[in-house]
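Colleague: Build me a structure from this.
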Amino acid sequence: MTTVAVLGSTGSIGTQTLDVAASQPDEIEVVALGAGRDARLLAEQANRVRPGVVGVADPGAVAELRELLDPGIEVVAGIDELAELATLADVAVNGVVGFAGLPVTLAALRAGRRLALANKESLIAAGPVVRDARSTPGAELIPVDSEHCAIHQCLRANDDDRRLDRVVLTASGGPFRGRTTSELEKVDVAEALQHPTWSMGPKITVDSSTLMNKGLEVIEAHELFSVSYDRIDVVVHPQSIVHSMAEFSDGTTIAQLSMPDMRLPIGYALAYPDRITVAFGRMDWSMPMQLDFEPPDRATFRCLDLAYAAGRLGATAPAWLSAANEVAVEAFLEGRIAWPSIAEVVADALDRWDGSPAGSVEAVLAADEAGRRCATELLSQQPNQPVGGAVR
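Modeller: Take a look at the predicted model:
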């Protein structure tokens, strides 16, 4: 029986993790749940799953949570306490959104646990710090992003990392694939949230629409697999069936294919090095299909190259970029800026990066705060651009 702690349980990754766990009742036991502030959904999950403990990052949600919970379930509150839940199980699933997931990442790895990582920002922003934590005896990091999970599986087919020539990350292209810059000036929030193949939270879905999500995954691939940026490529693949590829020195390309279903990479991370017994995302090879590939439109979707630039700068530049992007995306979701302004704010913020090193958690936190402050100042200088369909 593998014990699992699910952090960010009320989000998209968290709810799908509970689906996977429910499909494997004899192999997986959920022993802890944690969320930000959604006491009602957290209590509903806990009353169904019956973990020993649940946690909320927002202490203000504790009273409502206690009132809704069945007796016998312990409640903890606060960011540090939420991170501590990651140490209570064999596997910690980090589905926390944004930079707030860093404490969970570090707590799990430093405790020598397996980390099923869906929170890309913590690895991107604090790559050198996370790298140190990964050296803890017993610590494992298994990526839950479909692209990195695909690469992880492809690399298992080769016993010599020196023979890896190139990593190819696939991108769906998001809801705005094929649109021109002028066409994108008037898109609203509702349009940006209509992802063609994946069901994700608002922030990640907007990142997919700008290709920032793919850019962050480039930085993540560099950190996860120790591959230089010159050997990480991105191709647009609208069907989202080929989840990524690894190309080797003899010209062989190995790819991982499945229907779009995040429960597959979640199940892979929970069962590794074994596999679960329910076939999420199974292909029907008797049906005709078409697999298309094309280069990304880097001129229109500038965020992809901004992420490459931050990754090559290194140090705290990725943290600065990630923080500025979170602020800009939030402003878009609230209807305060237009979609093209996301890239403009992030580009201007990256130009103002202070060059600080990333040798400690404190340095990364300082860079994150400075990047947010910089983006907020830049937003205050933006002309008023009301956008319809804001997420409230």
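Colleague: For the closest residue to residue 115 other than its chain neighbours, which residues are in contact?
Modeller: Spatial nearest neighbour of residue 115, chain neighbours left out: residue 108 (4.3 Å); criterion: C-beta to C-beta, 6 or more residues apart in numbering. Just so you know, the C-beta spots here come from the backbone N, C-alpha and C atoms, and that holds for glycine as well. Taking C-beta atoms under 8 Å, 6 or more residues apart in numbering, we find residue 108 in contact with 86, 87, 92, 94, 114, 115, 139.
Colleague: One more: residue 264?
Modeller: Applying C-beta under 8 Å, 6+ apart, the residues near residue 264 are 146, 149, 258, 280, 281.
Colleague: One more pass at 10 Å, please.
Modeller: Residue 264 makes contacts with 16, 20, 144, 146, 149-150, 243, 256, 258, 275-276, 278-282, as judged by C-beta atoms under 10 Å, 6 or more residues apart in numbering.
Colleague: ok, now residue 320?
Modeller: 125, 310, 313, 346, 349-350, 352-356, 364, 367-368, 370-372, 374-375.
Colleague: before we move on, what about residue 202?
Modeller: Taking C-beta under 10 Å, 6+ apart as the criterion, residue 202 is in contact with 12, 97, 189, 192, 193, 329, 330, 332, 333, 391.
Colleague: how about these, which pair is most distant?
Modeller: Taking C-beta to C-beta as the measure, the contacts of residue 202 span a maximum distance of 19.0 Å, between 12 and 332.
Colleague: who's more crowded, those two?
Modeller: Legend: neighbour count by other C-beta atoms under 10 Å for residue 12 and residue 332, higher for residue 332 (29 against 19).
Colleague: Just the buried subset of the contacts of residue 108, please.
Modeller: Among the contacts of residue 108, the ones that count as buried by 16 or more other C-beta atoms under 10 Å are 86, 87, 92, 94, 114, 115, 139.
Colleague: Show me the contacts of residue 202 that map onto strands.
Modeller: Judged by DSSP state E, strands contain none of those.
Colleague: Now for the residues you listed, which sits with the most neighbours around it?
Modeller: When neighbours are counted by other C-beta under 10 Å, residue 332 leads the contacts of residue 202 with 29 neighbours.
Colleague: nearest residue to that one other than its sequence neighbours?
Modeller: residue 342 (5.6 Å).
Colleague: so what's the one you found scoring on pLDDT?
Modeller: Looking at residue 342, its pLDDT reads 97.
Colleague: Count the residues that sit near it.
Modeller: Close neighbours of residue 342, defined as other C-beta under 10 Å, add up to 25.
Colleague: Please name the residues that touch it.
Modeller: Applying C-beta under 10 Å, 6+ apart to residue 342 gives the contacts 192, 206-207, 209-210, 212, 302-303, 324-325, 327-329, 331-332.
Colleague: If we use 8 Å, what do you get?
Modeller: 206, 210, 212, 303, 325, 328, 329, 332.
Colleague: for the stretch 51-200 of the chain, which spans come out with low pLDDT?
Modeller: Residue ranges of the stretch 51-200 of the chain with pLDDT under 70: 198-199.
Colleague: in the stretch 251-392 of the chain, what spans have low per-residue confidence?
Modeller: 383-392.
Colleague: all helices for it, in order.
Modeller: Secondary structure of the stretch 251-392 of the chain (DSSP state H, counting those that start in this stretch): helices at 263-271, 303-313, 317-333, 340-351, 361-380.
Colleague: Kindly report the same for the stretch 1-150 of the chain.
Modeller: With helices called from DSSP H, counting those that start in this stretch, the stretch 1-150 of the chain shows them at 12-23, 39-49, 62-68, 79-84, 102-110, 120-125, 127-134, 146-155.
Colleague: State the distance from the closest residue to residue 349 other than its chain neighbours to residue 304.
Modeller: Once flanking residues are discounted, residue 349 sits nearest to residue 324: 3.6 Å by C-beta to C-beta, 6+ apart. Between residue 324 and residue 304 the computed distance is 15 Å (C-beta to C-beta, to the nearest Å).
Colleague: ok, now residue 114?
Modeller: According to C-beta to C-beta, residue 114 and residue 304 sit 31 Å apart.
Colleague: My read is that the residue nearest to residue 349 contacts residue 347, right?
Modeller: No - the pair residue 324 / residue 347 is not scored as a contact, 9.0 Å apart, by C-beta atoms under 8 Å.
Colleague: higher neighbour count, those two?
Modeller: residue 324 (31 against 18).
Colleague: Let me see the contact set for that one.
Modeller: Going by C-beta under 8 Å, 6+ apart, residue 324 touches 345, 346, 349, 350, 371, 372, 374, 375.
Colleague: repeat for residue 298
Modeller: 304, 305.
Colleague: Look up phi and psi at it.
Modeller: Note on residue 298: its backbone torsions stand at phi -70, psi -30 [degrees, to the nearest 10].
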